[in-house]
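# can you look at this prediction? I've put the sequence above it.
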Amino acid sequence: RKEVEQDPGPFNVPEGATVAFNCTYSNSASQSFFWYRQDCRKEPKLLMSVYSSGNEDGRFTAQLNRASQYISLLIRDSKLSDSATYLCVVNDRGGGYQKVTFGTGTKLQVIP
Amino acid sequence: GAGVSQSPRYKVAKRGQDVALRCDPISGHVSLFWYQQALGQGPEFLTYFQNEAQLDKSGLPSDRFFAERPEGSVSTLKIQRTQQEDSAVYLCASSLVELIANTGELFFGEGSRLTVL
């Protein structure tokens, strides 16, 4: 089983739709969680951190469920420019150093 | 430049050749990661440096892969006797802090795309 799992999609949604992605992680001791965005043939960039209480940044809402070991990303009022791959990222600490693990990514295509 | 710089951007190697990929992180960044990204996949962890110390190399797929960061700044990923399965984009990322839990942000370079024929 992979440490961080995501549905690869693609998710094809019309402009203005609401779309949600989930991600599950295997290490119950994982400490920090993030969503990164990667445009086609570009490098990943941080979209937002995920806090235990849930957090929102404009049209984007991230949630963490430690009991079930999953995180989610909700995008409201989808824009064409939201088309990208969304990567779930988990940070573990062990042996005094950190390990940053990426999921396989979920591809989103917003269509006009 | 102000960002993470990687070179070469594109490399074509014949099977069996050795390659060296360079990463120039953001000045002052303590943490440096190497990832391998195959087409349609997420970045797979290769190795992690904190300054010049290689603290985790558990992701290196074989002993043909070697990474170094001798002065705690520039890093080189070397692949010996390249195989076709080594074809991928190799991404370097750096972070100002030792533990990204504090800021959450890794800054990535544009990657080195390796094709092994």
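Yep, that arrived. Residues are numbered from 1 along each chain as shown, chains lettered A, B, ... in the order given.
# quick check: residues of chain A near chain B?
Contacts of chain A with chain B, taken as C-beta under 8 Å from any C-beta of the partner chain, map to A:4, A:6, A:8, A:31-32, A:34, A:42-46, A:49, A:87, A:91, A:93, A:95-105. C-beta coordinates here come from the backbone N, C-alpha and C atoms, glycine included.
# among the residues you listed, name the ones in strands.
A:4, A:6, A:32, A:34, A:45-46, A:49, A:87, A:91, A:93, A:97-102 (DSSP state E).
# tell me the pLDDT at residue B:1?
pLDDT for residue B:1: 57.
# same thing with residue B:99?
For residue B:99, pLDDT reads 63.
# circling back: just the buried residues of the residues of chain A next to chain B.
By neighbour count, with 16 or more other C-beta atoms under 10 Å in any protein chain shown, the residues of chain A next to chain B hold A:4, A:6, A:32, A:34, A:43-44, A:46, A:49, A:87, A:91, A:97-105 as buried.
# which residues are contacting stretch A:2-10?
A:21-27, A:87-90, A:101-109, B:40, B:42 (C-beta atoms under 8 Å, 6 or more residues apart in numbering or on different chains).
# mind checking how far it is from the chain centre?
10 Å (C-alpha atoms, centre = their mean, to the nearest Å).
# worst-scoring helix or strand of chain A, pLDDT-wise?
The helix or strand of chain A with the poorest confidence is strand A:97-102; it has a mean of 84 (mean pLDDT, DSSP states H and E).
# partner residues bridging the spatially closest residue to residue B:39 that is not a sequence neighbour?
Spatial nearest neighbour of residue B:39, chain neighbours left out: residue B:88 (7.8 Å); criterion: C-beta to C-beta, 6 or more residues apart in numbering or on different chains. On the basis of DSSP bridges, residue B:88 is bridged to residue B:114.
# same thing with residue A:99?
residue A:92.
# residues contacting it?
Neighbours of residue A:99 in contact, by C-beta under 8 Å, 6+ apart: A:91-93, B:45, B:48, B:56.
# residues in chain B within reach of chain A, list them.
Counting by C-beta under 8 Å from any C-beta, chain B sits next to chain A at B:31, B:33, B:35, B:40-45, B:48, B:50, B:55-56, B:91, B:98-101, B:104-106, B:108-111.
# pLDDT at residue 46, what is it?
Let's take chain A. We have a pLDDT of 93 for residue A:46.
# sorry, I should have been clearer: chain B.
Looking at residue B:46, its pLDDT reads 96.
# tell me where the model's unsure across chain B.
Applying pLDDT under 70 to chain B flags residues B:1, B:98-104.
# thinking again about what came up before, just the buried residues of the contacts of stretch A:2-10.
Buried among the contacts of stretch A:2-10 (16+ other C-beta under 10 Å): A:21-25, A:87-90, A:101-108, B:42.
# show me the strands in chain B, by range?
Under DSSP E, chain B gives strands at B:5-7, B:10-13, B:19-24, B:31-37, B:44-50, B:53-56, B:65-68, B:75-79, B:88-95, B:107-108, B:112-116.
# what about the nearest residue to residue A:45 once chain neighbours are set aside, how many residues close to it?
Nearest residue to residue A:45 in three dimensions, chain neighbours excluded: residue A:37, at 5.7 Å (C-beta to C-beta, 6+ apart). Per other C-beta atoms under 10 Å in any protein chain shown, the neighbour tally for residue A:37 reads 19.
# so what's the most centrally placed residue in chain B up against?
Closest residue to the average C-alpha location of chain B: residue B:34 at 3.0 Å, with C-alpha atoms, centre = their mean. Counting by C-beta under 8 Å, 6+ apart, residue B:34 touches B:23, B:46-48, B:67, B:75, B:77, B:90-92.
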